[in-house]
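**Student:** please find the sequence and the predicted model below.
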Amino acid sequence: MLSKKLELELNKQLNAELYSAYLYLSMSAYLSENNLNGFSNWMRVQFEEEQAHAMKFFKFILDRGGKVELEKIKKPSTEWKGIIDVFENVLRHEEKVTGLINNLIDIAYTEKDHASVAELQWFVTEQVEEEATVSELLDQLKMIDGKGAGLFMLDREMNTRKFIPL
Ligand code: FEO
């Protein structure tokens, strides 16, 4: 059985994952409006991944006999200053999520809730991968100054990304 504190914190993280999904869907729309359909596809896959993260928390709370409480999802931004700005924001956002996961795992340790620690370890690994992928993409975008033929080529490559169920 989950403690009330962990139940509350896991519900907050469920909401944070849904917000991440919302943010990336908004970015996907912005990128499509700016004729970057490959990056728009990449971001839509990101949206699907975040929904899957949210569902992992949803299932875990229920499996542990907790109560799922769905709160309001914050409205994401709709405008950015271009593709580099988008990815700088993604990286900052993922770093923030890593902090939230680390904080959650600290609470799980304090409460000696081993099942939560085990579940959260998956997210610790996932965040390392997410930050590395976004950081690499951001470096590539900076290399080509976020424009021209380089951007055209990279956009085509981004179109190949597909969602792989977790
Ligand atoms: Fe759910 Fe992008 O971390």
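**Tutor:** Yes, it's here.

**Student:** now do the contacts for the closest residue to the ligand within the chain.
**Tutor:** Using C-beta to the nearest ligand atom, the single residue of the chain nearest to the ligand is His53, 3.7 Å away. No exception for glycine: its C-beta is placed from N, CA and C like everyone else's. Taking C-beta atoms under 8 Å, 6 or more residues apart in numbering as the criterion, His53 is in contact with 17, 20, 123, 126, 166.

**Student:** how about the residues of the chain by the ligand?
**Tutor:** By the rule C-beta under 6 Å from any ligand atom, the part of the chain lying against the ligand is 17, 20, 50, 53, 94, 97, 130.

**Student:** okay, and the fourth one sits in which element?
**Tutor:** Read it as His53. With secondary structure defined by DSSP states H and E, His53 is part of helix 37-63.

**Student:** now do the second one
**Tutor:** Secondary structure assignment for Ser20, by DSSP H and E: helix 4-33.

**Student:** for that helix, name the packing helices and strands.
**Tutor:** helix 37-63, helix 83-110 (3 or more C-beta pairs under 8 Å, 6 or more residues apart in numbering; DSSP states H and E).

**Student:** avg pLDDT for it?
**Tutor:** Along helix 4-33, the predicted local confidence has a mean pLDDT of 98.

**Student:** same question, stretch 65-83
**Tutor:** Within the predicted structure, the mean pLDDT of stretch 65-83 is 98.

**Student:** swap in stretch 125-141?
**Tutor:** Mean pLDDT, computed over stretch 125-141, is 98.

**Student:** now do the buried residues in that stretch.
**Tutor:** Residues of stretch 125-141 classed as buried by neighbour count (16 or more other C-beta atoms under 10 Å): 126-127, 130-131, 134, 137-138, 141.
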